[in-house]
Structure formats: structure tokens, C-alpha cells
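Peer 1: Okay, predicted coordinates and the sequence, questions at the end:
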Amino acid sequence: MATAETQLKDWFTDLTAFRTCCADVNTDAGKLSMLRFAESKIADLLAAPPSNDQPQFALCASNATKLPVSQAAITAAATFLDLLEAVWAFPNLYIANYVLSMCPKFAAMNVGDFLLQKVNAVFPGGAADPLWIAIDSALAGIIDNSCYSPKQRAAVAKLVADPTKQITDVVNQIAVLG
Amino acid sequence: MKKHLLMSSVLFLFLTTVCMPCVLRGQAPVPPTISLPITTNAGASYPSMRPAASIEVFLNAQGKIDANGLALVSEIINAEDHGWDCASVSSYVVMDQDANTKIPISAILPVGKESCKDRPTPAPVNILLNAHVNSTDKYVVSLTGLPKGAAAVQSSAQKFNTATAYSVSIVPQGVPGESLTNGNTRDVGQLTVSYSAPFIGNSPFFVNTKDLFSTDEKDSKSAFAATGGVEFRLFRNWYTPVQLSESVQGNQIATALSAVSNLSVNGLVPWYWTRNAFNNGWIDAGRAPEFSLAAQYTHRFAQVVTAKTKLLSVEDSSINPALNIEPFYLFPAICARYQKWINPKQASTTSRQFCLGSQIDIGTWYLPLDKTKTGSRQVEGYGDASILIPLSNLDFGIFPLVQKDNLMNSQLHIEYSDSVNAANNYARSRQWTFGIEVMK
């Protein structure tokens, strides 16, 4: 049985697998940070059929992630991030569940109600709240540094410090990646 | 006053038509339908390459935290807790909305490394259909067997991007003054027939035919061509599709008849292990080279010889291996230094736009049944080599668009090719080509 932590880790593991499979075809992908890779246009790194670039990537990515990465899905997606979101999911729900799992006071609450909580109800100390510091640090351990960069962490901390904001605002900001 | 009356009327109507029936029957109002995100997919599926029509059902709401997404995930978890089985065929109904028919399901497959029974977020599932689909009808997926009182869960109607079903086309036409093989002309009736089955059942075999039957057997357009074959892959992790096919073609009375056997395989050269050798200060080769191998054998049983056509050999065969080396760039370290010098702020981005590039294609036609004038077997090699000289960001004052690198890149392409034309008895030609390529 998966946990919120393993589900969030799996999301980024799949993105990493996409980059590895892309680098097998085009070594340029291996030189990009995870964020730059995620935002890269697929067509810039992998030529469309009749070239074998995209089918080779699809085969490799399907094997590595067990996701249905089809040629149609690749054609429909602009970036690798779009592709992962199309065949699997946006990261938002996984981030929300993970943050909830780190808040024992709200353990009995469903994620929908948790998202509507004001940030100061969850983190009374704002960005300096020990619980937030622990969550922020744990997120940095799961999410690649380029996707949860110091700049992004500062932007998230700013929301955590704003008592008018809800947890949903914090989750959406983390899910922006950057 | 008028506004007040209108509001009262609307409220009365709402109470009598929506709420009262529920109250009178002692029932709670029917919960709204929850939207179920799905993606349709038809054709060869990875990694098995087996042809299939499937629908990915996002029980995880695609990770969205909007009202519908949260309601869907909550409903799935609640349903699972009350005995509904997300991995069971009986939990889903797929309807062809246009034909109003239920599509049989052969299996529910897991998606990703997790399970649809997982918490806190169920994983999506893939519904494998046990039927052919077309690309015109719309299909709807709904969940069935949900606990009492649960909201209905149904997808929007979606089409498949490609068809797995066979297609047939029969087109009759009258043609005045059609030319005949004896040199005369005559008014004729023609029937064009085409049939294509991209897959036979769920097997990788395919058949297709394209024919033109005429009311006059000497009609020069009369033709028959039927092809059957199989497509499969050689390796689990290396995309190397192999296609083996046999075509029989001729005219409708078989005075011209031939059989053509084809074998083709292609793919990328698995070269990632060479990345250090081809990615350094001297050379920057990003993309893997592509190879292809095509073999063909033709046997002509009968030929129609006219004043305009000469007799071809009874047997022909060819084997054609080819290698396409994608553009690679020379002296990337110098290019990077140049880029840093002209624009220090962009020094971290690719310096390839300042590099001298090269591209090479090579191949061979091996003709085992043909002999050269000296009596040896015929082999015709061909190839081309290109030098790509970057123009972007160089100071071309008279070409303002060339300067604006964000709009387009451009390069001078100098190519030398030594080619053979297989359609013209392997006639050889050599040429230099110069051109300016503009790339968006």
C-alpha cells in the first residue's frame, strides 16, 4: 500500500525516468536540469515520426514507468511536463496529500477540507512555524532542487506567512515548479 | 414590484418541480454527476507493440484539486470501502454513444507503479476493450455498482484518434475515352475497391487491397494490388519495428502479375554509452544516428508489353542498408568561449548556434540478381555530406531578421551528394548544393 510520501516521490521518479529515456536518444536532455527538461518542448529534443526518436522514447518510458506513453500522447503534449500530466497526473493532489500527512493535528480531516484551511490555522507561526520548516525541508528532500529551488521556497514561504491565504494556495504554488 | 413577483414565481417553480417530488417521495435530492477524466488510445501500444483499443480512466482525477477532482477521489475511496472493486471488469461500462451499444471489456490493467486500491490517491486504470473501434463514434465510460446514494460517475463523450476497425470503400464511375492497352480508346465503367484492416483481431497481422476493375479487360487503368503482412518488434527495450509483407499486384485478368516480398527494419543506434566520446570539447553530437534496412524481392509471372513499355526481368531483388547521422557540431568549447565573449549573460545556454555543424547520410543498394559489365554482382553505394555554417547572431546588418535570434535561426547549408536513383535503373548523379536555411 502506497503512502502519500511514496506517491509524491513516484511522481518525480517518473519525471526523472522521462529524462533518462530522452537522454538515451538525445544526450542534450541529460545536460538539462530537471526543471528545464520538464519545460522543454518534446519536439526540440525528439524528432517526430517517421524518425524513431519519439517511438524509442515512448518504449523506454513505458517500460520504466509502466505508464501508457503512446505516440498519440506524445504528439498531443507540448512539453515533457504536459506529457506526464496527461498520462499520469498533475502533482497538486500528491503535494496536498503529502502536506496533510505531515500535519498530525489534521490527520482525521479529508484533503478537500484541509485545502480550505487558512495557513495560520495550520502554521500559526507562519514561515517560521516549526511544522512548516519540517515540511519545507522534507519537500526539498523529495522534489528535485531545480523544481523546488530556493527562489520557489521563498515564494511558498511568503504564502505561508500570509494569514489570508489558504493551504490550497500554498499547494498550487509548490506545484508550479521552479 | 415586478421584479419581486418574478423572483417569487421562479422560487415557486423551483420548489414545485425540483424539491417537492423528492419531499413527497421521502427521498434525498439526486446527487450531481461527477465527471470522470479519461483518455482514449488506439493502435500499437507500448511496450508490447500489440494492437489494442484502450481507455485510461483517471481515478486519481489527474491530480487536480478542484471541486470535481476532490469529489471523484473521495467517491472512489468511499466506494472501495463499501465493496466496489476498481480492478474488476464489472465496475465499468463503456458505451458507444453514437451506436448506442455497450462495448465489451477484456481486462482492467493497472497504470503506473501503484494500484487503484492505493490510498490516499487511487492510481488510474486502463480499460482494454475487446472490440474494434472507429474514429468517428464517441465513447463514454461510467462506473457501475457504486454504493447506494453515491453520485453517478461518468466521463464526457470522446472519440478515438485512430480506428482499429477495418475500412471498405467501393466507388463506381463512368470514364469516357479511357485508353486501352491495345492503343485504342473506349468509354468504360470502372469500380474502385479498397479495403484496409490495420490489425486482424488483436494480432499484429494486417491486410489491405486497392483495386480498380473495369468493364473492358484491356483498360490500361485496371489494377489489382493486395498486401498482407505482419509488424513486430525485435527487442523489449530497443524500438526496432520489423515489417514483413507480401504483395500481389497486376491487372484484373492477370495478364500482368507479380509478387513483391518486402522486409524492413529500422531504429536508432543504441549509442548512449558513447556519450563521453562524442560529447567533449572537440565534438558535440546530441542525437543518436538512425539506421534502416530494407530488402525486396520481385517475381514477375506475366507482363503486358506495349510500344511504350519494355520487358522487365522476371526476377528482381535489392537489399538497402542506410545510416543517417544527425547533425553534429565541431569545437563546442571554442563556440562556448566565443558566446561568452559576445554575450556573457547567456553564457550558460547552448553555444551550438555559433558552431560549425556537419551531417552525413550513407547507404548501399546491393542487387544480388544484377550483374555489372564485368560479370560481378552489382553494388551501388551512395551518400551525402553537409557542412552547416551558422549565420545567426553574426553581424548581418542588411538582414535584420537573421540578427534576431529569438525569431529564427539560420544557417548556410553546403551539401555534396553522390546519389543513385532506384526508380531509374540506379542511375548515378553527383551534385553540390548551396542554400540558406531559416529555422523557426
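Peer 2: Happy to help now that I have it. Residues are numbered from 1 along each chain as shown, chains lettered A, B, ... in the order given.
Peer 1: Can you tell me the element B:Glu75 falls in?
Peer 2: Here B:Glu75 sits within helix B:67-81, counting by DSSP states H and E.
Peer 1: Strand partners (parallel or antiparallel) of the helix or strand following that helix?
Peer 2: Heading C-terminal from helix B:67-81, the first helix or strand you meet, by DSSP H and E, is strand B:92-96. Its sheet considered, strand B:92-96 pairs with strand B:101-103 (antiparallel), strand B:139-143 (antiparallel) by DSSP bridges.
Peer 1: What are the buried residues along the first one?
Peer 2: This points to strand B:101-103. For strand B:101-103, a neighbour-count test (16 or more other CB atoms under 10 Å in any protein chain shown) marks B:Ile103 as buried. From N, CA and C alone the C-beta is placed, and that goes for glycine too.
Peer 1: What lies in contact with it?
Peer 2: B:93-96, B:129-131, B:133, B:139 (CB atoms under 8 Å, 6 or more residues apart in numbering or on different chains).
Peer 1: so B:Ile77 touches B:Pro122, yeah?
Peer 2: Yes: proximity of B:Ile77 to B:Pro122 meets the contact threshold set by CB atoms under 8 Å, at 6.8 Å.
Peer 1: and those two? which has more neighbours close in?
Peer 2: B:Pro122 (23 against 19; other CB atoms under 10 Å in any protein chain shown).
Peer 1: distance between the lowest-mean-pLDDT helix or strand in chain A and the chain's centre?
Peer 2: Least confident helix or strand, chain A: helix A:28-31 with a mean of 90, by mean pLDDT, DSSP states H and E. Here the centre of helix A:28-31 is set off from its chain's centre by 19 Å, with CA atoms, centre = their mean, to the nearest Å.
Peer 1: How about residues contacting that helix?
Peer 2: Contacts of helix A:28-31 (CB under 8 Å, 6+ apart): A:19-20, A:22-23, A:37, A:40, A:45, B:275, B:286-287, B:350.
Peer 1: Taking these together, which two end up most distant?
Peer 2: Pairwise distances across the contacts of helix A:28-31 peak at 20.3 Å for A:Thr20 and B:Thr350 (criterion: CB to CB).
Peer 1: Compare the two and say which is more crowded by neighbours.
Peer 2: B:Thr350 (17 against 14).
Peer 1: Neighbours of B:Arg287, how many?
Peer 2: 20.
Peer 1: was I right about it contacting A:Asp53?
Peer 2: Yes: with contact defined as CB under 8 Å, B:Arg287 counts as touching A:Asp53 (7.1 Å).
Peer 1: Might you list the low-confidence residue ranges for the chain?
Peer 2: Just so you know, I chose chain A. Scanning chain A for pLDDT under 70 picks out nothing.
Peer 1: not quite, I wanted chain B
Peer 2: Using pLDDT under 70, the flagged stretches of chain B are B:1-31, B:47-49, B:306-309, B:344-351, B:392-409, B:439-440.
Peer 1: make it 50
Peer 2: B:1-3, B:5-27, B:402-407 (pLDDT under 50).
Peer 1: where do the helices sit along the stretch 301-440 of chain B?
Peer 2: B:332-342, B:400-403 (DSSP state H, counting those that start in this stretch).
Peer 1: Comparing these, which comes out most buried?
Peer 2: Mean neighbour counts were taken over those using mean count of other CB atoms under 10 Å in any protein chain shown, and the top value, a mean of 16, falls to helix B:332-342.
Peer 1: quick one, helices of chain A?
Peer 2: A:4-25, A:28-31, A:34-39, A:42-45, A:53-65, A:71-76, A:80-87, A:92-101, A:111-115, A:119-122, A:130-142, A:150-160, A:167-175 (DSSP state H).
Peer 1: Take the fifth one, keep the C-alpha atoms, and write them as CSV.
Peer 2: Taking only C-alpha atoms (Å, rounded to 0.1, in the frame of the first residue of the first chain), the coordinates of helix A:53-65 have been written out as CSV:
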residue,chain,number,x,y,z
ASP,A,53,13.2,9.3,-31.7
GLN,A,54,9.8,9.6,-30.2
PRO,A,55,8.8,5.8,-30.6
GLN,A,56,12.1,4.9,-28.9
PHE,A,57,11.4,7.3,-26.0
ALA,A,58,7.8,6.0,-25.7
LEU,A,59,9.0,2.4,-25.5
CYS,A,60,11.7,3.3,-22.9
ALA,A,61,9.3,5.5,-20.8
SER,A,62,6.5,2.9,-20.9
ASN,A,63,8.9,0.2,-19.6
ALA,A,64,10.4,2.4,-16.9
THR,A,65,7.2,4.0,-15.6
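Peer 1: B:Leu146 versus B:Asn161, what's the distance?
Peer 2: Counting by CB to CB, to the nearest Å, the gap from B:Asn161 to B:Leu146 is 29 Å.
Peer 1: Overlap in contacts, B:Arg287 and A:Asp53.
Peer 2: Common neighbours of B:Arg287 and A:Asp53 (CB under 8 Å, 6+ apart) are A:25-26, A:47.
Peer 1: pretty sure A:Met34 contacts A:Ser149?
Peer 2: No: with contact defined as CB under 8 Å, A:Met34 does not reach A:Ser149; the gap is 10.4 Å.
Peer 1: contacting residues around the residue in chain A positioned nearest to chain B?
Peer 2: Residue nearest to chain B within chain A (CB to the nearest CB): A:Ala89, separated by 3.1 Å. A:Ala89 makes contact with A:11, B:58, B:60-63, B:121, B:124 under the criterion CB under 8 Å, 6+ apart.
Peer 1: Please identify which of those is nearest to B:Ala336.
Peer 2: Nearest member of the contacts of A:Ala89 to B:Ala336, counting by CB to CB, is A:Trp11, at 34.3 Å.
Peer 1: The closest one: neighbour count?
Peer 2: 24.
Peer 1: any idea how far it is from B:Thr227?
Peer 2: Taken as CB to CB, the span from A:Trp11 to B:Thr227 is 44 Å.
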